[in-house]
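J.: Quick one, fold the following:
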Amino acid sequence: MFASANAAQMRVAVEGGRINENDQSVLAYNHIVVITPYDNPAKVTELAELAQPGLRLILADPVAPIGQHSLDFLDQASAQPAFGADFRERVLANVVSYEESARIVLAKIVLGEGDAAIVFATDAAAEAEKVQAIPIPDELNVRANYLIAPVADSQNLALAEAFVAFARTAEGQAILADHGFLPIE
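T.: Modelled structure (predicted):
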């Protein structure tokens, strides 16, 4: 089976003939949060503070799902009068590094190499003893759809199909929820 954090990766698998388009389904949802080191030396407590000059912000590169979701959040916030139309530009001026994945972004915050970052809620939950999470309201947040499908040419197709079916049951969804994912509706 193949599970993907974004539709683009699943599309590649479908276009490559590895996944039958009709076999894919939503496994779980995720959302994004702002994180700080646990001791929060920059005292970031509100989303608007991401635009504070001198803040050391770490983001994922936009080619990574979390990187694009971060930009989508900044666009949505910039459309709100409370943040201002230039919010995205002011925040991006604080970026000290763009990383290839949410895990690397998270690691840099844990190591104290930045004051704040944007990651998936599941990543923040995995390091809850080392980072603080600042929620992003639903109206500004981006819901990531995690897709799953059996691999079309699997040598164990029945087992792959059974795993996909289990993952979508109440029991499978409870396991995913224990790791910070949002259940399917």
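
J.: Every contact and neighbour count from this point should use C-alpha atoms.
T.: Fine.

J.: what does stretch 164-176 rub up against?
T.: Counting by Cα atoms under 8 Å, 6 or more residues apart in numbering, the neighbours of stretch 164-176 from elsewhere in the structure are 1, 27, 28, 148, 149, 150, 182, 183, 184.

J.: From those residues, keep the buried residues only.
T.: For the contacts of stretch 164-176, a neighbour count by 16 or more other Cα atoms under 10 Å gives the buried set as 1, 27, 28, 148, 149, 150, 182, 183.

J.: Identify the residues contacting the host helix or strand of the third one?
T.: Same thing as residue 28. In this structure, residue 28 is located in strand 25-30 according to DSSP states H and E. The contact list for strand 25-30 (Cα under 8 Å, 6+ apart) reads 3, 120-122, 143-149, 167-168, 173, 176, 180-184.

J.: again, 10 Å this time
T.: When contacts are taken as Cα atoms under 10 Å, 6 or more residues apart in numbering, the neighbours of strand 25-30 outside the stretch itself are 3-5, 7, 120-123, 142-150, 164-165, 167-169, 172-173, 176-177, 180-185.

J.: what's the next secondary structure element after that strand?
T.: Of the helices and strands lying after strand 25-30 in sequence (DSSP H and E), the nearest is strand 32-37.

J.: Next secondary structure element downstream of that next one?
T.: Per DSSP H and E, the first helix or strand lying C-terminal to strand 32-37 is strand 57-60.

J.: Helix, strand, or coil at residue 180?
T.: Here residue 180 is recorded as coil under DSSP: H, G, I helix; E, B strand; the rest coil.

J.: contacting residues for it?
T.: Taking Cα under 10 Å, 6+ apart, we find residue 180 in contact with 29, 30, 31, 120, 121, 122, 123, 124, 125, 126, 174.

J.: Just send these back as a markdown table, with distance to residue 40, pLDDT and neighbour count too.
T.: As requested, these are exported to a markdown table (distance: Cα to Cα, whole Å; pLDDT from 0 to 100; neighbours: other Cα atoms under 10 Å):
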| residue | distance to residue 40 | pLDDT | neighbour count |
| --- | --- | --- | --- |
| 29 | 28 | 94 | 20 |
| 30 | 24 | 94 | 19 |
| 31 | 22 | 94 | 21 |
| 120 | 18 | 95 | 25 |
| 121 | 18 | 94 | 22 |
| 122 | 20 | 93 | 20 |
| 123 | 17 | 94 | 22 |
| 124 | 14 | 95 | 25 |
| 125 | 16 | 92 | 17 |
| 126 | 18 | 92 | 13 |
| 174 | 31 | 94 | 16 |
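
J.: Out of these, which sit inside helices?
T.: With helices identified by DSSP state H, the entries of those that belong to them are 121, 122, 123, 124, 125, 126, 174.
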